[in-house]
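# Sequence plus the predicted model coming up.
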Amino acid sequence: KWQIEAVAIGDSPAWGITSHAVEWGADLIVVGSHGRSLMERFFLGSVSHQVAVEAACSVHISRPRPSARAPRILVALDGSLNSLAAVRAVTERNWPLGAAFQILTLLDSRLLSASAWPGPHTESWVQASDTTGTEWLERVQAAAAKELRAAGLQVETRLLEGEAKHGLLKHAEGWMADCIVMVAY
C-alpha cells in the first residue's frame, strides 16, 4: 500500500536524491549499497554514505544479507532525546520472528563527561549518587531495553569504550548486524 513514484534527475546521484527528497517532503530514503570495502569507499566515495550524511529525513541503506538467519538490528543509543525516539521507531515497526536486537552505547569522552554538566537530555537520567559517568547511560539503556521488550522484541545491551564513529561500525561488523538504527547529528 506504499505510494511509489519513479523519477529521473540529471544530477550527481547523492545530491539528486537528497535535493529531490527535500522538494518532495520525503519521510524516508531507501538506497542500496554495493558492499564495497572501507578502502574502496575511501577512494571511490559512497552515494549511500553521502545520502545518509546529507539527508534531512531518515535513510535506510540496504545491502544483501549473507544468510537466511533472522535479522540482527543494532540500535545505537547516546541518551539524547533523538536516540530515544529512534528506539520508539523500532518498536513501531514489524520485525521478522526471531529478530535479535542489541542496544549499543559507545563511551567516548563526550558521553562520559555529560554527567558532570547535565543538560536537557541528561538531567532526567543523572542522579546525585552517581560515582562514574556510566550509571546514567546504564539507566538509559535499561529504559530502552524495557521499551523494546514491551514490544515483544529480544534485546541485549552493551556499553563499550571508544569513539562512536569508529566503534559503531567495528562492533556492527563483529556482531554481524543487518541493520543499524541511529540518529544523525
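Yes, it's here.

# State whether V90 is indeed within a strand.
No - applying DSSP: H, G, I helix; E, B strand; the rest coil, one finds V90 to be helix, outside a strand.

# pLDDT at it, what is it?
As predicted, V90 sits at a pLDDT of 93.

# List the contacts of it.
V90 makes contact with 73, 75, 101, 148, 151, 153, 181 under the criterion C-beta atoms under 8 Å, 6 or more residues apart in numbering. Quick note: C-beta positions are derived from backbone N, CA and C, even for glycine.

# State the mean pLDDT of stretch 178-185.
77.

# Same check on stretch 94-110?
The pLDDT scores in stretch 94-110 average 89.

# How about stretch 70-84?
Stretch 70-84 carries an average pLDDT of 86.

# Please apply the same query to stretch 145-164.
On average, stretch 145-164 scores 93.

# Pull it out as CSV, backbone CA atoms only.
Presented in CSV, the C-alpha positions along stretch 145-164 are these (Å, rounded to 0.1, in the frame of the first residue of the first chain):
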residue,chain,number,x,y,z
ALA,A,145,15.5,-2.3,26.6
LYS,A,146,12.3,-2.3,28.7
GLU,A,147,10.5,-0.5,25.8
LEU,A,148,11.8,-2.9,23.2
ARG,A,149,10.9,-5.9,25.4
ALA,A,150,7.4,-4.5,26.0
ALA,A,151,7.0,-4.6,22.2
GLY,A,152,7.9,-8.3,22.3
LEU,A,153,11.4,-7.9,21.0
GLN,A,154,14.5,-9.9,22.2
VAL,A,155,17.1,-7.4,23.3
GLU,A,156,20.5,-7.2,25.0
THR,A,157,22.5,-4.1,25.9
ARG,A,158,26.2,-3.3,25.5
LEU,A,159,28.3,-0.4,26.8
LEU,A,160,31.7,-0.2,25.0
GLU,A,161,34.5,2.2,25.3
GLY,A,162,35.6,4.1,22.2
GLU,A,163,34.7,6.8,19.7
ALA,A,164,31.3,6.3,18.2
